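**Q** give the three-dimensional model of this entry:
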Amino acid sequence: MENLDDVNQKIIHYLKRDGRASFADIANRLKISESTVRKRVNKLINNNLISHFTVVLNKPKHDRKVLAFLTISPLIQSNIKDIADQILKFADVTEGYYMSGKCGLLIKIEVDNLDRIDETIDVIRGIPGVKEIESCIVLRSLKDEIS
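**A** Numbering: from 1, shown residues only. Below you'll find the model as predicted:
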């Protein structure tokens, strides 16, 4: 987090861990006044460093999803936007990134079972301009943090 002093970085850290943390609680932890925290958070919002606050739902233990990351390489690099536009419409796709080098696109999918991963890959393989798909299935999460 460039151009942020230590206090702002700590405020952001606490808010990322708990978006419902009160200004008073954060102020107590940082040993500064509540009004200082309030002013700094408002300034971070006004300067578009904080875009929004969100809710993260706990997933029931019995409702485990299978996560996979797919790298998708286009036949021609200039086709990558058209491919991405089609893939990002899929309900199973939760994140997507343009990557440097040979990686092309990096797509995160969340599905109910391994068969669904296979079905999704088959559909992507049918998109014109897709050269190669590599899948990596998540076995265990080591860190799952909201950015």
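
**Q** ok, the closest residue in space to D92 that isn't next to it in sequence to L75 distance?
**A** Computed as CB to CB, 6 or more residues apart in numbering, the closest residue to D92 that is not its neighbour in sequence is I109, at 4.5 Å. Every C-beta, even on glycine, is put in place using the N, C-alpha and C of the backbone. I109 is 22 Å from L75, where distance means CB to CB, to the nearest Å.

**Q** which stretches of this protein have low pLDDT?
**A** In the predicted model, the chain carries pLDDT under 70 at residues 1-2, 59-64, 145-147.

**Q** before we move on, back to that, what sits against the residue nearest to D92?
**A** I109 makes contact with L67, A68, F69, L70, F90, D92, V93, T94, I117, T120, according to CB atoms under 8 Å, 6 or more residues apart in numbering.

**Q** how does it look with 7 Å?
**A** Counting by CB atoms under 7 Å, 6 or more residues apart in numbering, I109 makes contact with A68, L70, D92, V93, T94, I117, T120.

**Q** tabulate those residues (JSON lines), appending distance to N79 and secondary structure.
**A** Putting these into JSON lines (distance: CB to CB, whole Å; DSSP: H, G, I helix; E, B strand; the rest coil) gives the following:
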{"residue": "A68", "distance to N79": "23", "secondary structure": "strand"}
{"residue": "L70", "distance to N79": "16", "secondary structure": "strand"}
{"residue": "D92", "distance to N79": "22", "secondary structure": "coil"}
{"residue": "V93", "distance to N79": "18", "secondary structure": "strand"}
{"residue": "T94", "distance to N79": "23", "secondary structure": "strand"}
{"residue": "I117", "distance to N79": "23", "secondary structure": "helix"}
{"residue": "T120", "distance to N79": "19", "secondary structure": "helix"}
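
**Q** out of the residues you listed, which end up buried?
**A** A68, L70, D92, V93, I117, T120 (16 or more other CB atoms under 10 Å).

**Q** and F69, helix, strand or coil?
**A** strand (DSSP: H, G, I helix; E, B strand; the rest coil).
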